[in-house]
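>>> okay, predicted coordinates and the sequence, questions at the end:
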2 protein chains.
Amino acid sequence: MNIGDVARASGLPAKTIRYYEEIGLVTPRRGANGYRSFRDSDLHKLTFLGRARALGFSIEDCRTLLALYEDDHRESAQVKQVAEDHLARIDDKIAQLQGMRATLARLVEACSGDHRPDCPIIEDLGQPGR
Amino acid sequence: MNIGDVARASGLPAKTIRYYEEIGLVTPRRGANGYRSFRDSDLHKLTFLGRARALGFSIEDCRTLLALYEDDHRESAQVKQVAEDHLARIDDKIAQLQGMRATLARLVEACSGDHRPDCPIIEDLGQPGR
DNA sequence: CCTTGACCTTCCAGTGGCTGGAACCCCCAT
DNA sequence: ATGGGGGTTCCAGCCACTGGAAGGTCAAGG
């Protein structure tokens, strides 16, 4: 399979696949013409990566998960640990965004949004604390 | 005021303040020794920026908001528009993260997390579709 | 006067995870 | 021979900083 084929099959852009090769996540062979030649196992890996990335795992997490994916002697506890850590980070992010959202929503609601310059949003941003 | 003073007062790292100067968000004067010399108005701007950034506004949004902050003839509708757009982006992000969270939490729960290799998380990631 | 140490300066490089573009090669159909 | 749709490499850029090196400045203490 050429890069275009695996791109279509995995849903990843060809550019991303080249990048993944560059950082050592996949190592396709090369044909006589210099083209990358992907095996089924490469496609599986790329699909795995696409899915893991879609769940927000970092590239380094993906590297770890991929190693576990390939390792018949993995312990599910290792996988679970990575996933739980990631889950905690997601929760942090959500909490942070919800904090912003709450403040912002309050300000937006308080702003008349008309032709006058008075604006609670600007006023709040001008305040040091909170 | 030197950069250290405004850094303490605004809560922004000195590095960040230099960066903000570089991209034209603040333009402190310079003393005879080459040191940046910040006026009160500069400090106000930096505080404003710190607050806006903490609410997740992009640098470009901050540039716009800062211009409105400085403009006595602004219309609050302009400010509100920027804030509402940002709010919508935050909501998108929260929704996306909650989607990830839901999937991930389900998988984590299903994983026994013991010494055996069988793992629903890895299995799910290995699946092409959702 | 000299040293120390805290402060300031600039410049360069790196982060994460791609993405766009230029310039070029390869292969097949017309 | 030509055109189009693959493929290749390499370089630059995105965002918003952050770290570090190498050096200049200033005030206090010995």
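On my side now, so go ahead.
>>> just how off-centre is the helix ranked longest in chain A within its chain?
The longest helix of chain A (DSSP state H) is helix A:76-110. Relative to the chain's own centre, helix A:76-110 is displaced by 14 Å; criterion: CA atoms, centre = their mean, to the nearest Å.
>>> what does stretch A:116-128 give?
What separates the centre of stretch A:116-128 from the centre of its chain is 35 Å, taken as CA atoms, centre = their mean.
>>> that one and chain B, any residue contact?
Yes: against chain B, stretch A:116-128 shows contacts by CB under 8 Å from any CB of the partner chain at A:116, A:117, A:118, A:119, A:121, A:122, A:124, A:125, A:126, A:127, A:128. Glycine gets a C-beta too; all of them are placed from N, C-alpha and C.
>>> which ones are touching the residue sitting nearest the centre point of chain A?
Geometric centre of chain A, nearest residue: residue A:56, 3.6 Å, by CA atoms, centre = their mean. By CB atoms under 8 Å, 6 or more residues apart in numbering or on different chains, residue A:56 lies in contact with A:86, A:90, B:97, B:100, B:104.
>>> for the first one, give its distance to residue B:104.
So the one you mean is residue A:86. Relative to residue B:104, residue A:86 is positioned 7 Å away (CB to CB, to the nearest Å).
>>> quick check: neighbours shared by the two?
With CB under 8 Å, 6+ apart, residue A:86 and residue B:104 have common neighbours A:55, A:56.
>>> next, the angle helix B:76-110 makes with the longest helix of chain A.
Calculated by axes from the mean of the first three to the mean of the last three CA atoms, to 10 degrees, helix A:76-110 forms an angle of 160 degrees with helix B:76-110.
>>> show me what stretch A:99-112 is in contact with.
Residues contacting stretch A:99-112 (CB under 8 Å, 6+ apart): A:118-121, A:124, B:54-56, B:76, B:79-80, B:83-84, B:86-87, B:90-91, B:94.
>>> again, only this time at 6 Å
The contact list for stretch A:99-112, computed with CB atoms under 6 Å, 6 or more residues apart in numbering or on different chains, reads A:119, A:120, A:121, A:124, B:55, B:56, B:76, B:80, B:83, B:84, B:87, B:90.
>>> repeat for stretch A:114-127
With contacts defined as CB under 6 Å, 6+ apart, stretch A:114-127 is touched by A:107, A:110-111, B:48, B:51-52, B:69, B:74-77, B:79, B:83.
>>> just the buried subset of these, please.
A:107, A:111, B:48, B:51, B:52, B:69, B:74, B:75, B:76, B:79, B:83 (16 or more other CB atoms under 10 Å in any protein chain shown).
>>> how about the residues of chain A near DNA strand C?
Within chain A, the positions adjacent to DNA strand C are A:13, A:15, A:16, A:18, A:19, A:32, A:33, A:34, A:53, A:58, A:59, A:60 by CB under 7 Å from any atom of the strand.
>>> and those residues near chain B, which?
Among the residues of chain A next to DNA strand C, no residue lies close to chain B (CB under 6 Å from any CB of the partner chain).
>>> could you tell me whether residue A:27 really is in a helix?
No: assessed with DSSP: H, G, I helix; E, B strand; the rest coil, residue A:27 is coil; it does not lie in a helix.
>>> for it, grab the count of nearby residues.
10 (other CB atoms under 10 Å in any protein chain shown).
>>> how far away is it from residue A:17?
From residue A:27 across to residue A:17, the span is 12 Å (CB to CB).
>>> got the phi and psi for the residue nearest to the centre of chain A?
Backbone torsions for residue A:56, taken as degrees, to the nearest 10, come to phi 90, psi 10.
>>> now chain A against DNA strand D: closest residue?
Nearest residue of chain A to DNA strand D: residue A:4, at 2.4 Å (CB to the nearest atom of the strand).
>>> how about that residue: what's its closest non-neighbour residue?
Of all residues not flanking residue A:4 in the chain, residue A:14 sits nearest, at 6.3 Å (CB to CB, 6 or more residues apart in numbering or on different chains).
>>> wait, the one you found sits on residue A:3?
Yes: counting by CB atoms under 6 Å, residue A:14 touches residue A:3, with 4.8 Å between them.
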